[in-house]
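Asker: can't give you the sequence, but here's the structure:
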């Protein structure tokens, strides 16, 4: 999706507000799709440092397209927001979706040590 590449470029240039606006315009124009929300969540975590908003966007991605990576993104955002119980729940969901992926089980173990 071209607009997501534009948003990523803006974020790399430090134009975080503009990058967030691109994501939000995509969503408002009917692109309520998991990759858009996941991209927004990742940008909010890395560039903006806003784990609360990132958790909302990541959760929407996981609701639209339940997958282990999206639930792991929810877990990361929740953990950084200080919502450890939510992070553990999300990590467990990732592990349930991909039981053969040891990464998700390690994530659960790490989060439950908090």
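Answerer: Nice, I can see it. In this text the structure is predicted, and so the values were computed from the model without any measurement.

Asker: which strands and helices sit next to the worst-scoring helix or strand of the chain on mean pLDDT?
Answerer: Sorting the helices and strands of the chain by mean pLDDT, DSSP states H and E puts helix 2-12 at the bottom, at a mean of 89. Helix 2-12 makes packing contacts with helix 16-28, helix 34-43 when contacts are defined by 3 or more C-beta pairs under 8 Å, 6 or more residues apart in numbering; DSSP states H and E. For glycine as for every other residue, the C-beta is placed from the backbone atoms N, C-alpha and C.

Asker: looking at those helices, which is buried most?
Answerer: A comparison of the helices and strands packed on helix 2-12 by mean neighbour count, using mean count of other C-beta atoms under 10 Å, puts helix 34-43 on top with a mean of 23.

Asker: Show me what that one is packed against.
Answerer: Checking 3+ C-beta pairs under 8 Å, 6+ apart, helix 34-43 ends up next to helix 2-12, helix 16-28, helix 51-64, helix 68-80.

Asker: thinking again about what came up before, mind giving me a markdown table with the helices and strands packed on helix 2-12 and columns for distance to residue 86?
Answerer: Shown next, in a markdown table, are these (distance: least, C-beta to C-beta, whole Å):
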| stretch | distance to residue 86 |
| --- | --- |
| helix 16-28 | 22 |
| helix 34-43 | 14 |
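
Asker: Redo the ones you listed as TSV? Include distance to residue 92 and mean pLDDT.
Answerer: Output for the helices and strands packed on helix 2-12, formatted as TSV (distance: least, C-beta to C-beta, whole Å; pLDDT from 0 to 100):
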stretch	distance to residue 92	mean pLDDT
helix 16-28	27	92
helix 34-43	19	95
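
Asker: where does residue 32 land in three-state SS?
Answerer: coil (DSSP: H, G, I helix; E, B strand; the rest coil).
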